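Engineer: Output the structure for:
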Amino acid sequence: MIVDAHQHFWRLDRSDYGWLQPQLGILYRDHLPQDFEPLLEANDVWATVLVQAAATEDETRYLLELAAAHPFVAGVVGWVEFEADDAAQRMAALVACGHGRLKGLRPMLQDIADPQWILKPQLDAAFAAMIEQDLTFDALATPQLLRPVMERLRRHPDLRAIIDHAGKPDIAGGAFSLWAEDIARLAGETAACCKLSGLLTEAHAGAGVDALDRYVAHVFACFGPKRVVWGSDWPVLNRASDYGRWLAVARELVRRHAPGYETEVFGTNAIALYGLEAGLIATASTARP
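Structural biologist: As a prediction, the model looks like this:
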């Protein structure tokens with residue numbers, strides 16, 4: 001049962017993807033379920049977690065509509081205005097709108113100018129509301145944001161959380177030590193999980209297993225195989241590779257560094273983290289033509 005724990009959809013005419021510009025080439029077009037589902041079928045991926053790509057609540061509602069129409073989407077990680085005085089009420093409204101499909105929230109930390117933003121006291125109520133609503137926090141953190149994220153997570157030990165794209169280490173630049181130190185601290189001092197996703201995008205062109213090896217080895221050494229989940233980061237992945245190749249690279253890395261835990265990393269860890277319905281995932285898979 002393979003679950004892709006991190007993928008995106010977007011439609012250009014929605015006009016709420018400010019970061020999505022023509023210079024991004026292959027990404028600058030619609031990426032929708034009809035583009036993605038053949039890849040899932042070809043690679044025997046049963047279900048996905050659909051993650052926000054715009055800092056608007058309207059986009060989250062749009063993603064929930066897509067999830068309702070496409071059974072392979074087992075859950076949605078959306079966005080809410082964390083700084084709003086009524087953040088808790090906004091979350092509750094999105095949860096109600098999703099009819100069980102909203103599984104988490106993700107502020108776009110890497111796009112916020114203030115690296116200490118996540119530590120603002122006015123965000124305390126929003127994080128408390130996430131716990132109350134049983135939502136998972138996705139941390140879109142670059143290496144310089146790992147320490148502030150760790151500080152926030154230490155304030156909320158009951159919050160389920162995951163570090164997207166392993167904290168986006170600069171693999172292409174060969175940077176390792178500072179990222180590795182902070183990832184180790186975060187793994188040791190919080191209960192957060194880590195996504196094995198987005199790493200080819202951070203590496204040099206044509207990178208494969210060997211270029212990623214020491215980074216992935218460190219992730220498993222720090223988090224252990226029961227706190228790591230696999231995701232494709234499609235379609236951002238397309239800038240560096242393709243779906244089948246990344247899945248093959250990830251499988252080899254898991255074989256090297258977490259042998260015997262393939263089922264967990266590629267499926268059951270994500271089901272537990274996001275509270276996905278395993279029965280519905282199986283039904284969606286068997287319903288394919």
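Engineer: residues in contact with A92?
Structural biologist: 129, 133 (CB atoms under 8 Å, 6 or more residues apart in numbering). (Each C-beta comes from the backbone N, C-alpha and C, glycine too.)
Engineer: One more: the one 10 residues further on?
Structural biologist: In this structure, L102 makes contact with 60, 64, 75-76, 78, 94-95, 135, judged by CB under 8 Å, 6+ apart.
Engineer: Look at the nearest residue to A87 once chain neighbours are set aside and report its pLDDT.
Structural biologist: In space, and not counting its chain neighbours, A87 is closest to A126: 4.1 Å by CB to CB, 6 or more residues apart in numbering. pLDDT for A126: 98.
Engineer: and A126, that one's in a helix?
Structural biologist: Yes. Judged by DSSP: H, G, I helix; E, B strand; the rest coil, A126 forms part of a helix.
Engineer: Might one say that it is in contact with V80?
Structural biologist: Yes. The pair A126 and V80 passes the contact test of CB atoms under 8 Å, sitting 7.3 Å apart.
Engineer: Which neighbours do those two have in common?
Structural biologist: 87, 91.
Engineer: CA atoms only for stretch 209-227, dumped as PDB, please.
Structural biologist: Extracted in PDB, the C-alpha atoms of stretch 209-227 (Å, rounded to 0.1, in the frame of the first residue of the first chain):
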ATOM      1  CA  VAL A 209      21.100   7.700  -5.000                       C
ATOM      2  CA  ASP A 210      24.700   8.500  -4.200                       C
ATOM      3  CA  ALA A 211      24.200  12.300  -4.100                       C
ATOM      4  CA  LEU A 212      21.400  11.900  -1.600                       C
ATOM      5  CA  ASP A 213      22.800   9.000   0.400                       C
ATOM      6  CA  ARG A 214      24.400  10.700   3.400                       C
ATOM      7  CA  TYR A 215      21.500  13.100   3.800                       C
ATOM      8  CA  VAL A 216      19.000  10.300   3.800                       C
ATOM      9  CA  ALA A 217      21.200   8.200   6.100                       C
ATOM     10  CA  HIS A 218      21.200  11.000   8.500                       C
ATOM     11  CA  VAL A 219      17.400  11.400   8.400                       C
ATOM     12  CA  PHE A 220      16.900   7.800   9.300                       C
ATOM     13  CA  ALA A 221      19.600   7.800  11.900                       C
ATOM     14  CA  CYS A 222      17.900  10.800  13.600                       C
ATOM     15  CA  PHE A 223      14.200  10.000  13.200                       C
ATOM     16  CA  GLY A 224      14.200   6.300  12.800                       C
ATOM     17  CA  PRO A 225      12.200   4.400  10.200                       C
ATOM     18  CA  LYS A 226       8.800   4.900  12.000                       C
ATOM     19  CA  ARG A 227       9.000   8.700  11.800                       C
END
